[in-house]
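Asks: Pasted the sequence and its predicted model underneath.
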Amino acid sequence: MNADSGILSYGAYIPRLRLQRSAIFAANAWFAAGLKGLAMGERAIANWDEDSVTMAVEAARDCLTGFDRGTVTALSLASTTHPFADRLNSGIVKEALTLSDSISALDVAGSQRAGTSSLIQALNAGVNGGTQLCVASELRKARPASEGELVQGDAAAAILVGAGDPIARFIGSHSVTLDFVDHFRASGADFDYTWESRWIRDEGYSMLLGDALAAAIETLVVDPAKIDRLLIPITVRGVPEGLAKKLGVPAAAVADTLAPNVGDSGVAHPLLMLAAALEQARPGETIMLVGFGQGCDVLLFETTEAIANLPRRDGFSGALARGKADENYLRFLFHRGLLDLDRGMRAEADQKQPGTTLFRNRKTVLGLVGGRCTKTGTVQFPRSEISVNPTDRAIGTQEDYPLAEKQARIVTYTADSLTYSPAPPQYYGMIDFEGGGRMFTEFADVDAESIEVGLAMKMMFRIKAVDEKRDFIKYFWKAVPVQQPAAGE
Amino acid sequence: MAKGIKDKVAILGMGCAKFGERWDKDAEQLAVEAFQEAIADAGIDTSQIDAAWLSVAFDAVNIGPSGIPLATALRLPNIGVTKVENYCASGTEAFRGAVYAVASGAADIALAVGVEKLKDTGYGGLPVRTRGSTFDMIGVTGSAPGNFAQLAAAYRNAHGVSKDDLKLAMAHVSVKSHANGAKNPKAHLRKLIDIDTVMNAPMIADPLGLFDCCGVSDGAACAIVTTPEIAHTLGKRDLVTVKALQIVTSNGWESQGTGWNGSYFHTTRTAAVKAYDEAGVTNPRDEISLIEVHDCFSITELVTMEDLYISPEGEGWKDVLNGFFDADGKVPCQIDGGLKCFGHPIGASGLRMIYENYLQLLGRAGERQRSTPPRLALSHNLGGMPNQNVSAVAIVGLPDA
């Protein structure tokens, strides 16, 4: 393939709360005692105000650290859990990232390998494909007391692909497609239906995937003994190790499947593992990545010297370290819509969103773009015709001023137990941005013991409210505490 | 420079319905209750009213978006009835409409009625409502206590006051208002409470507990105003005149600009300066006899003592703890129980405050009458939230004050 194109950058996002699998099992043991073997470790769970779109935005922001967003020419969002069936989900991501209007955008779905398949498409475009942002994000629902509830996790990852100075060259790929229905989810259905695990392991992983990997090794002319990292996103214990042994890949090359502390993040999982691997990889490593779902994708990369110079980002390890152990299984069920709590009258407020208003204000709402007066330098949110500056009410002087990447500090706050929130109390208050501008905003991922005036905050793209009457999701930005080292670390 | 409103308008009569959970009354019936008292006090006939203003804040659960229900309920003589809404400052807004109409000479006698039927909402507190489609996309739909609770963290930070000291001062605010409300037969909440009850109450919006929050009530209040000359002609001898009437509206500086620290009301400070100037008050701590403020929450009352320049900045909490604002203190605040205990039927509250000041000035406040004869009384009526609000200050007094 073209030596001048490949992976330019990577990013990851894992929601903060990590539900302890022991808590899930403890609640369900009376009914499904057989789940005990899976009741170890923790799984990432999205907060009530996160979905595949918001997590995609966060992974993409991480990926674009240090890059000029204006260079992105194409965006894809792979998921089997896009919030909208007919509203371009990647279009929402585009607005949140304040990417150029003149880009192409594509939602990719249909199988657990949608992430790797869209990555292959982007990589195959080579230098002619421009700079392509491939995002994969997944937030699956599983029935209470199912295996899926224990083994799945919510996460997103992003890979920037294009010409320039790649951190990893794309050597090539090999794909097979077979209608192997290990599980399925009908359009509009909430849950997967899964066939027997022994069959999936034997026919699916050992044979179908094993054969595809062997074929890839032959086609791509790679010495299996020289593979430094083998990324097989299958969290069933022993499967990646067994495949490596069969293929002659060194055991040390088998990457952690992130089963113990994240869980299987579906479409996002291969890209999440790739982001984790690239974060650790040194120049000159050979990385083989797998996507599995009604067939499989096998991708081969070689890291370059440029990987050592990639600007620092939170990355996979930062997202992982942000985790907070959670044992509230009932809250998890409620946030997944699996427990119909009495929410009270305050939850009845109509959340109808005028389409006209949202489109007119899309930069303000989805992009958190404020205004900066070109005459006085006054920064404000939202921007307005007449400046807020009391000493110079300049008219029509404001230019776009993106605030999403600015850090901020708390000026006022409260923990409101009266207003409706799916995760009470609702924290909110005033924040001042570094470099000017302030806003009155909701907070997320706050710890009661650490909130105080002056606390450093950063912005995250979240769900503001859901119009349940019309099935519309209203997105906006919230302030979250800047990551502090976890206690004891 | 405007000459101001001082002594151009006199109060001819006032009335106030019993506040509380008036399960058996509609908004129109409450308006009639307040109006009957006011018109009897004024000693005129309905046919003599030239213009009317009606303040209601929640039209969806009240009487709809026009002045027609008031005209119909009171059988007004086919005059102009203007419905006004300015958040919780609506009552003073209605009063301003009537006062300005008289001052301009366009009307000889004008009526202001404020009414709210909150107990038809089904909510414990105030109902959730839109603030406009743009705000709803980017603003915070917090509760009223949540919006005002933020004053506390900012005040502590600005003045180095400990959480415990501030919570105790806030508790004193509520205990004092309950003691006052207990003496007021028209008040919603008439039970004495102690400090421990306030301190240990369930948290509503940190640090505001249940007893830091005012009552949510049904009620109505009414004022009939005219010029001092017409009042004399009509035989009115005990006059109370309007000394100052200021309404200040946020223009976004607090929420969008630079410099506001969240611990005070920029609008109230502005309104107070303008009102004192209009009334000729130079030292409010000594000259104002008593005050009725918008004590929607204990912390609101506490910081307002400073915003009205009664207490020095950062020292209000000490005045509160020292009993300066108690009924027998130097400047009583909420001698009628305030929003806290008289209750807070939104559209009526601004007029209710002026009603109490009017009674106190005329020595007609019964068991709760201030012993030192008051001469100048201030009311402060606030709508919105600390970072974006409407703040009204009205000063009324004896003609020679």
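Replies: Okay, I see it.
Asks: Against A:Arg322, how distant is A:Ile473?
Replies: 24 Å (C-beta to C-beta, to the nearest Å). In this view, the C-beta of every residue, glycine as well, is placed from N, C-alpha and C.
Asks: which residues are contacting the host helix or strand of B:Pro69?
Replies: Per DSSP states H and E, B:Pro69 falls inside helix B:68-74. Under the criterion C-beta atoms under 8 Å, 6 or more residues apart in numbering or on different chains, residues B:27-29, B:31-32, B:35, B:46, B:52, B:54, B:63, B:76, B:78-79, B:81, B:83, B:113 lie in contact with helix B:68-74.
Asks: ok, and the residue in the stretch 1-150 of chain B that chain A sits nearest to, which helix or strand is that part of?
Replies: Per C-beta to the nearest C-beta, B:Gly146 is where the stretch 1-150 of chain B lies closest to chain A, at 3.2 Å. Taking DSSP H and E as the criterion, B:Gly146 maps to helix B:144-159.
Asks: List the contacts of B:Asp295.
Replies: Per C-beta under 8 Å, 6+ apart, neighbours of B:Asp295: B:173, B:177, B:214, B:301, B:304, B:333-334, B:338-340.
Asks: actually B:Leu192, not the one I wrote
Replies: So B:Leu192 contacts B:178-179, B:182 (C-beta under 8 Å, 6+ apart).
Asks: same question, A:Val221
Replies: Here A:Val221 is in contact with no residue (C-beta under 8 Å, 6+ apart).
Asks: can you check B:His344 too?
Replies: Contacts of B:His344 (C-beta under 8 Å, 6+ apart): B:88, B:118, B:214-217, B:296.
Asks: And the helices in chain A?
Replies: A:21-28, A:52-63, A:89-96, A:114-124, A:147-151, A:197-199, A:210-219, A:239-247, A:269-280, A:315-321, A:329-335, A:355-360, A:362-367 (DSSP state H).
Asks: Serialize the contacts of B:Leu192 to TSV and add fields for secondary structure and neighbour count.
Replies: Listed next are those as TSV, based on DSSP: H, G, I helix; E, B strand; the rest coil; neighbours: other C-beta atoms under 10 Å in any protein chain shown:
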residue	secondary structure	neighbour count
B:His178	helix	24
B:Ala179	helix	17
B:Ala182	coil	17
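Asks: Let's have those residues in CSV, adding pLDDT.
Replies: Formatted as CSV, those follow (pLDDT from 0 to 100):
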residue, pLDDT
B:His178, 98
B:Ala179, 98
B:Ala182, 97
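Asks: Look up how far A:Lys474 lies from B:Ser133.
Replies: The value you get for B:Ser133 to A:Lys474, if C-beta to C-beta is used, is 11 Å.
Asks: which residue does the stretch 51-200 of chain A bring closest to chain B?
Replies: Taking C-beta to the nearest C-beta, the stretch 51-200 of chain A has A:Glu95 as its residue nearest chain B, at 12.7 Å.
Asks: what secondary structure does B:Asn184 sit in?
Replies: Using DSSP: H, G, I helix; E, B strand; the rest coil, the secondary structure recorded for B:Asn184 is coil.
Asks: scratch that, B:His232 is what I was asking about
Replies: B:His232 - assigned by three-state DSSP - is helix.
Asks: ok, it - how many residues close by?
Replies: For B:His232, the count of nearby residues is 13 (other C-beta atoms under 10 Å in any protein chain shown).
Asks: do you know how far the closest residue to it other than its chain neighbours is from B:Val9?
Replies: Once flanking residues are discounted, B:His232 sits nearest to B:Leu239: 8.0 Å by C-beta to C-beta, 6 or more residues apart in numbering or on different chains. Relative to B:Val9, B:Leu239 is positioned 10 Å away (C-beta to C-beta).
Asks: dump the residue contacts of B:Ser255.
Replies: So, once contact is read as C-beta under 8 Å, 6+ apart, B:Ser255 ends up touching A:430, A:438-440, B:387-388.
Asks: please redo it, this time with the cut-off set to 6 Å
Replies: A:440, B:387-388 (C-beta atoms under 6 Å, 6 or more residues apart in numbering or on different chains).
Asks: could I get these as a markdown table with pLDDT?
Replies: Converted to a markdown table, these look like this (pLDDT from 0 to 100):
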| residue | pLDDT |
| --- | --- |
| A:Phe440 | 97 |
| B:Asn387 | 96 |
| B:Gln388 | 96 |
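Asks: What is the burial count for A:Val181?
Replies: Count around A:Val181 with other C-beta under 10 Å applied: 12.
Asks: what about B:Leu239 and B:Val9, which has more around it?
Replies: Neighbour count, other C-beta under 10 Å: between B:Leu239 and B:Val9, B:Val9 has more, with 26 against 18.
Asks: Next one: the more buried one from B:Val242, what distance?
Replies: 5 Å.
Asks: Kindly report the same for A:Val57.
Replies: 56 Å.
Asks: Same check on B:Gln29?
Replies: From B:Gln29 to B:Val242 the distance is 29 Å (C-beta to C-beta).
Asks: Show me which residues of chain B sit near chain A.
Replies: By C-beta under 6 Å from any C-beta of the partner chain, the part of chain B that sits against chain A consists of B:122-123, B:125, B:128, B:133, B:137-138, B:140, B:142-143, B:145-146, B:149-150, B:153-154, B:157, B:203-206, B:252-253, B:255-257, B:262, B:387.
Asks: Next step: the residues you listed restricted to helices.
Replies: Per DSSP H, those map to helices at B:133, B:137-138, B:145-146, B:149-150, B:153-154, B:157, B:253, B:255-256.
Asks: A:Ala244 touches A:Ala255, doesn't it?
Replies: No. A:Ala244 is beyond contact range of A:Ala255, at 9.9 Å (criterion: C-beta atoms under 6 Å).
Asks: Which residues of the stretch 201-350 of chain A lie near chain B?
Replies: A:345-346, A:349.
Asks: Just the buried positions in the helix or strand of chain B with the lowest mean pLDDT, please.
Replies: Lowest by mean pLDDT, DSSP states H and E among the helices and strands of chain B is helix B:133-138, with a mean of 92. Judged by neighbour count (16 or more other C-beta atoms under 10 Å in any protein chain shown), helix B:133-138 contains these buried residues: B:134, B:136-138.
Asks: go on, stretch A:455-465?
Replies: Buried-residue list, stretch A:455-465, by 16+ other C-beta under 10 Å: A:455, A:457-465.
Asks: got the CA positions of it in CSV?
Replies: Only the C-alpha atoms of stretch A:455-465 are listed here, as CSV (Å, rounded to 0.1, in the frame of the first residue of the first chain):
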residue,chain,number,x,y,z
LEU,A,455,-12.7,23.5,40.8
ALA,A,456,-11.2,23.0,37.3
MET,A,457,-13.7,21.8,34.8
LYS,A,458,-13.7,20.7,31.1
MET,A,459,-16.6,20.4,28.7
MET,A,460,-18.1,17.2,27.4
PHE,A,461,-20.8,16.6,24.8
ARG,A,462,-23.9,15.0,26.5
ILE,A,463,-27.6,14.4,26.2
LYS,A,464,-29.4,17.4,27.7
ALA,A,465,-32.9,16.0,27.5
